[in-house]
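Undergrad: with the input below, show me the fold.
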Amino acid sequence: MGLSCSTYDYDGDGWYYYSPDDYSTLDTKRSRKCCSCKKTLRPGDMVVRFDRYRGPLSDIEQDIAGDEIVLAPWWMCEPCGDQFFNLDALGFCIMLGDESMDELRRQYVEEYVKRQNATSDA
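TA: Numbers count the residues shown, from 1 in each chain. Below is the predicted model:
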């Protein structure tokens with residue numbers, strides 16, 4: 001599940017990211033894909049950059065690189081980034097790559113907005 005009210009405990013398996021603070025410009029030489037909607041992002045486009053990391057897989061890797069191994073960043077287009085920042089501001093933790101931001105927004109509306117409206121009508 002991509003939308004959660006609690007943070008995920010990183011147990012050393014897989015990868016993790018730190019939430020970005022703001023938008024940036026895609027400064028790569030080649031196009032990239034949005035990690036949510038898969039739209040093509042061109043150099044110079046407004047994007048959200050997610051720097052990704054993982055833990056070392058061996059003692060040798062830890063000796064060489066330390067406690068965080070840098071992975072290739074993921075990118076999100078501006079509309080998906082808007083949805084990410086809105087859900088993040090509401091306190092949700094988002095697992096990138098599980099579901100698109102549109103799907104997570106739909107989940108939010110179904111689970112929280114409709115439930116709130118139902119309880120306020122009662």
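Undergrad: okay, CA-based contacts and neighbour counts for the rest of this
TA: Fine.
Undergrad: just the mean pLDDT for whatever helix or strand residue 117 lives in, thanks.
TA: Residue 117 belongs to helix 114-121 when elements are defined using DSSP states H and E. pLDDT averaged over helix 114-121 equals 68, rounded to a whole number.
Undergrad: where in the chain is pLDDT low?
TA: Scanning the chain with the threshold set as pLDDT under 70 gives 1-12, 118-122.
Undergrad: in it, which spans are helices?
TA: In the chain, helices defined by DSSP state H lie at 59-65, 78-89, 101-108, 114-121, listed in chain order.
Undergrad: using PDB, list the CA coordinates for the second one.
TA: Provided in PDB are the C-alpha atoms of helix 78-89 (Å, rounded to 0.1, in the frame of the first residue of the first chain):
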ATOM      1  CA  GLU A  78       5.000  18.800 -11.500                       C
ATOM      2  CA  PRO A  79       1.300  17.600 -11.300                       C
ATOM      3  CA  CYS A  80       2.300  14.400  -9.500                       C
ATOM      4  CA  GLY A  81       4.700  16.400  -7.400                       C
ATOM      5  CA  ASP A  82       1.800  18.700  -6.400                       C
ATOM      6  CA  GLN A  83      -0.200  15.700  -5.200                       C
ATOM      7  CA  PHE A  84       2.900  14.300  -3.400                       C
ATOM      8  CA  PHE A  85       3.500  17.600  -1.500                       C
ATOM      9  CA  ASN A  86      -0.200  17.900  -0.600                       C
ATOM     10  CA  LEU A  87      -0.500  14.400   0.800                       C
ATOM     11  CA  ASP A  88       2.900  14.800   2.600                       C
ATOM     12  CA  ALA A  89       1.600  18.000   4.200                       C
END
